[in-house]
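Colleague: Structure for the following, please:
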Amino acid sequence: MTQTLAQAVDEYAGSRFVVNVIRDRCKECEFCIAICPVKILVKGQNSNRFGYRPPVVTEPDKCIGCRLCEYVCPEFAIYVTKGGRS
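Modeller: The predicted model follows:
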């Protein structure tokens, strides 16, 4: 089933989310950084074992749980989980 952004936000409204990055999968394409609607992802300063700099979350409490970063990542290096009520 395909879910729209609005449906995803409504489904998880009031929840807290955790953006998880699998550092060694990241190839520094920056798609996740560009697509994030609340702009909480930035290029990290530390390299993974392959020399790429995975994104870091600057303001985790602002994540709306839309999962666009997860959907756009060609390496499946980022995913969002529900972390409990805020």
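Colleague: so what pLDDT did residue 83 get?
Modeller: On pLDDT, residue 83 comes in at 81.
Colleague: Locate it within the secondary structure: which element?
Modeller: Counting by DSSP states H and E, the element that carries residue 83 is strand 78-85.
Colleague: Residue 42 against residue 56, yeah?
Modeller: Yes: if you go by C-beta atoms under 8 Å, residue 42 and residue 56 touch, sitting 6.0 Å apart. C-beta here means a position set from N, CA and C on the backbone, and glycine is covered the same way.
Colleague: So which of the two has more stuff around it?
Modeller: Shown here are residue 42 and residue 56; by other C-beta atoms under 10 Å, residue 56 has more neighbours (17 against 14).
Colleague: pLDDT below threshold where in the protein?
Modeller: Applying pLDDT under 70 to the chain flags residues 1, 3, 5-15, 84-86.
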